[in-house]
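A.B. asks: Predicted model, plus sequence, below.
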Amino acid sequence: MRKFTGAIAAILLLSMGGTGAQAQFNQSEYTDVDLDACTVIQSDDFGSTWACNGYKGIPVMIAEGDLRFFVSYGLTSTEEKAATQTLPPFNHLGPKIEWRLSNVGGGYKPFATVLRYFVQRTDDSGAEIAEGQVLVVTRIEPGATCQTAWIDALANPNANELAREAADKAADFNCENDPEIVGDFEAWAL
């Protein structure tokens, strides 16, 4: 009986992280996109730039120019590649930022975001039709904050799941590349 009890204790210890290795768990937190709660840091006839607070006060830079929005994160947000990235069609932002958090290294820290963009759709004649929706995944890392994936939220019934999966792989994305198209994607969104 003693050997059996010892084996059970060893199995429990290993399953609870007794080897010193910590299991990685990702989770989501949400913050509002509310430009009225942000500080205008620049504005002219061509657009505006806002400084906003994100998850636990992380800086979020939101800019608008030529009827398109740009979003970047962190203390160097205006210097990051994400500050120059947007979707080609005229667009505006959804009301929430989903922050993907990892517990690696103790405590939960954000490593990526998912943000819904509403984009203008036109038919072949250029007439505007129903609004499209694209989930934009952005990697958050000083010096390497960039868009990593685009998911057409209308063409994929599991778009939120696809976006979270893409976000969970964002740390491996090379910001020199264009964002990856994930799932089905209608041509109007490009």
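C.D. replies: Alright, I've got the coordinates. Numbers count the residues shown, from 1 in each chain.

A.B. asks: Please tell me how far residue 154 sits from residue 101.
C.D. replies: Look at residue 154 and residue 101: by C-beta to C-beta, to the nearest Å, they are 27 Å apart. No exception for glycine: its C-beta is placed from N, CA and C like everyone else's.

A.B. asks: Can you show me the helices along the protein?
C.D. replies: 2-15, 159-168 (DSSP state H).

A.B. asks: tell me, which of those is the model least confident about?
C.D. replies: Mean pLDDT per stretch puts helix 2-15 lowest among those, at a mean of 40.

A.B. asks: helices and strands of this protein: which one has the lowest mean pLDDT?
C.D. replies: helix 2-15 (a mean of 40; mean pLDDT, DSSP states H and E).

A.B. asks: Hey, what's the angle from the top strand by length along the chain to helix 159-168? Just curious.
C.D. replies: Longest strand of the chain, by residue count under DSSP state E: strand 109-122. If you take axes from the mean of the first three to the mean of the last three C-alpha atoms, to 10 degrees, strand 109-122 sits at 130 degrees to helix 159-168.

A.B. asks: Just checking: what are the partner strands of strand 109-122?
C.D. replies: Here strand 109-122 is paired, per DSSP bridges, with strand 91-102 (antiparallel), strand 128-139 (antiparallel).
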